[in-house]
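Student: Below is the sequence, then the predicted model.
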Amino acid sequence: MRQTTRFRQLVEADEILILPGINDALTAKVAEQAGAKAVTCGGYAATAGLLGMPDTSQLGMAELAEHYARIADAVDVPLFADGDTGFGNFSNAARTVHAYERAGVAGLFIEDQVFPKRCGHMTGKAVVPVEEMAAKLKAALDARRDGDLVIMARTDALAVNGLDDALDRARLYREIGADMIFVEAPRSVDDMGRICAEIDAPLLANNIEGGATPVLPAGELEAMGYAVVTHPVACVYAVAAATRDLITTLLATGSTDAMRDRMLEFESFNALVGLPELRRREVELAAFAGQRAAE
């Protein structure tokens, strides 16, 4: 089954899809081996990992597509990607879809922020006129070569123009053909409930630890009406905290001994990244080469 088809099935299933946010190919492997059915990597995590910078449109489309290609190649679960604002006008949005499809993603979203955008939970956002986003969304939908590629429309209008405008935009984006809808950064459970009640589409909930939106468990979000919940930056925050603790301990004590119970070690890490399978394959191919040489 194609990853696009599998991801669409997960989104449309009755049970809410828990979509862990990962940073790179390594953390994607960790998520897959932990049992994640699909993963996502947003611009926030990618920018933090690749550049050590905030999510303010520092990465271009080609850089993100290359990053996603490495992740998609590393795991056998669907990858949901961040298409940012489409990186320009409607023709740029179409090119983004083509590049991301080549990278192997199972789905992506585009948003209606003004470029350069910023993380949806940061202040100072602005949104483009709804007609401009409508054209970009239509171009993105028309551009996909795989009809099962999931395209989600995101609106950041709530923080700029209020919930009513965000809902109007969301309804329009669904009417145009968006497979999923994401109303970013609601500030209350009541607002989240209204989004679920008024938008007839699979909806994504965005759990940002310390962000603007109440962080709710998956079960509560499912009961409310959400189809997908993501923790897009939890892995980034965990990696940053663990690395800080490790380096602080090493510099203070001259050893990692106090952190060993929080680390993988040589053999377990090699197993995680597939070294035993690689070695097994090397033996098979060496034997094959020997047989050919003897003939």
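Tutor: Thanks, I have the structure now. Numbering: from 1, shown residues only.
Student: can we go C-alpha only for contacts and neighbour counts from here?
Tutor: Will do.
Student: if I've got this straight, residue 219 is in a strand?
Tutor: No. Assigned with DSSP: H, G, I helix; E, B strand; the rest coil, residue 219 falls outside any strand and is helix.
Student: quick one, what contacts it?
Tutor: By CA atoms under 8 Å, 6 or more residues apart in numbering, the contact list for residue 219 reads residue 16.
Student: and stretch 49-59, which residues are buried?
Tutor: 49, 54, 55, 57, 58, 59 (16 or more other CA atoms under 10 Å).
Student: can you put those in CSV and add distance to residue 181, secondary structure and pLDDT?
Tutor: Output for the buried residues of stretch 49-59, formatted as CSV (distance: CA to CA, whole Å; DSSP: H, G, I helix; E, B strand; the rest coil; pLDDT from 0 to 100):
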residue, distance to residue 181, secondary structure, pLDDT
49, 27, helix, 93
54, 25, coil, 90
55, 21, coil, 85
57, 21, coil, 85
58, 25, coil, 89
59, 24, coil, 93
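Student: And the furthest pair within these?
Tutor: Across those, no pair lies farther apart than 49 and 57, at 13.8 Å, counting by CA to CA.
Student: tell me, how many neighbours does the residue nearest to residue 191 when sequence neighbours are not counted end up with?
Tutor: Sequence neighbours aside, residue 163 is the residue nearest to residue 191 in space, at 7.7 Å (criterion: CA to CA, 6 or more residues apart in numbering). Neighbourhood size, residue 163 [other CA atoms under 10 Å]: 19.
Student: now residue 190
Tutor: 10.
Student: Quick check: which element contains it?
Tutor: For residue 190, the host element (DSSP states H and E) is helix 189-198.
Student: That helix packs against which elements?
Tutor: Where contact means 3 or more CA pairs under 8 Å, 6 or more residues apart in numbering; DSSP states H and E, helix 189-198 is packed against helix 163-176.
Student: picking that back up, tilt between the helix holding residue 190 and helix 163-176?
Tutor: 30 degrees (axes from the mean of the first three to the mean of the last three CA atoms, to 10 degrees).
Student: can you pull the buried residues of helix 189-198?
Tutor: Result for helix 189-198 [16+ other CA under 10 Å]: buried residues 192, 193, 195, 196.
Student: do the same with stretch 121-141
Tutor: Counting neighbours by 16+ other CA under 10 Å, one finds that the buried residues in stretch 121-141 are 121, 125-128, 130, 133-141.
Student: for those residues, which one is nearest residue 99?
Tutor: residue 140 (11.4 Å).
Student: can you list contacts of stretch 186-203?
Tutor: By CA under 8 Å, 6+ apart, the list of residues contacting stretch 186-203 reads 11-12, 158, 163, 167, 170-171, 174, 179-183, 212-214, 224-228.
Student: Show me those that map onto helices.
Tutor: 11, 12, 158, 163, 167, 170, 171, 174, 224 (DSSP state H).
Student: so how far is residue 117 from the fourth one?
Tutor: The span separating residue 163 from residue 117 equals 20 Å under the rule CA to CA, to the nearest Å.
Student: tell me, what residue is most central in this structure?
Tutor: Geometric centre of the chain, nearest residue: residue 40, 2.5 Å, by CA atoms, centre = their mean.
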